[in-house]
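[1] Got a predicted structure plus its sequence, pasted below:
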Amino acid sequence: MNRAGIVHLVDDDLEVRDGLSFLMRTVGLTVHSYADGLAFLEALPGLPEGCILIDIRMPHVTGLRLQERLTAAGCDWPVIVITGHGDVEACRRAFRAGAVDFLTKPIDEQVLIDAVQGALSVLADRVASRSEGTRAARLIERLSSRELEILALITDGLATKEIARKLALSPRTVDTHRAHIADKLGTTSVADMVRLRLSARDPGHR
């Protein structure tokens, strides 16, 4: 199954769910639909990653409340909020909670498809970022405590002699550590080291 083509549709209106599901399937997307927010939250732990289409007015858990609960749970799947009762404040709340789009019913078919494709592109970028973060973290974990200390100074822009003075080491010792760091990280580029260090700090989350 193509994870990049999955849409999770949460709407309490069966007719809307059927209509939107049919539309998205015609462009090759895989759609999982849920009658309310609670059903989606219960299923969430076992679901494949995808973008989420949430109706704003639903029983038990409103669309905005569902969105807030997903954010609190650390779920970074892109959310599109849909409503037949849109207003400025609801739109603001949706975007503050991280929504990537806000659509008002009746939704133009092409507008919806474009919004979903845009959300799936956002998801692909986030998945790639998480993969890069995980790889970077594994590389950084190979460094000793002294190498981590020197890496931090290298990525802060300090030269070998400055690092040596700061740590009371000889420049030759610093150069030896730099060589070991470069070997373990697979790069001599300071720019790459900065990128790896930053990526390892934020490897991403579901």
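    That came through, no problem.

[2] per-domain residue ranges of the chain.
    Domain assignment for the chain by automatic domain parsing gives 3-130, 141-201.

[3] Point out the most buried one among these.
    The highest mean neighbour count among the domains of the chain, using mean count of other Cβ atoms under 10 Å, belongs to domain 3-130: a mean of 17. From N, CA and C alone the C-beta is placed, and that goes for glycine too.

[4] Can you tell me the element the most centrally placed residue in the chain falls in?
    Closest residue to the average C-alpha location of the chain: residue 126 at 3.7 Å, with Cα atoms, centre = their mean. Take DSSP states H and E as the rule and residue 126 turns out to sit in helix 109-140.

[5] elements contacting that helix?
    helix 14-25, strand 51-55, strand 79-83, strand 101-104, helix 171-185, helix 190-201 (3 or more Cβ pairs under 8 Å, 6 or more residues apart in numbering; DSSP states H and E).

[6] These into JSON lines, with extra columns for mean pLDDT and distance to residue 121?
    Output for the helices and strands packed on helix 109-140, formatted as JSON lines (pLDDT from 0 to 100; distance: least, Cβ to Cβ, whole Å):
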{"stretch": "helix 14-25", "mean pLDDT": "93", "distance to residue 121": "15"}
{"stretch": "strand 51-55", "mean pLDDT": "93", "distance to residue 121": "9"}
{"stretch": "strand 79-83", "mean pLDDT": "89", "distance to residue 121": "13"}
{"stretch": "strand 101-104", "mean pLDDT": "86", "distance to residue 121": "12"}
{"stretch": "helix 171-185", "mean pLDDT": "94", "distance to residue 121": "30"}
{"stretch": "helix 190-201", "mean pLDDT": "86", "distance to residue 121": "20"}
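
[7] now the closest residue in space to residue 16 that isn't next to it in sequence: how far from residue 160?
    Nearest residue to residue 16, sequence neighbours excluded (Cβ to Cβ, 6 or more residues apart in numbering): residue 55, at 7.3 Å. Remark: distance between residue 55 and residue 160 (Cβ to Cβ, to the nearest Å) = 59 Å.
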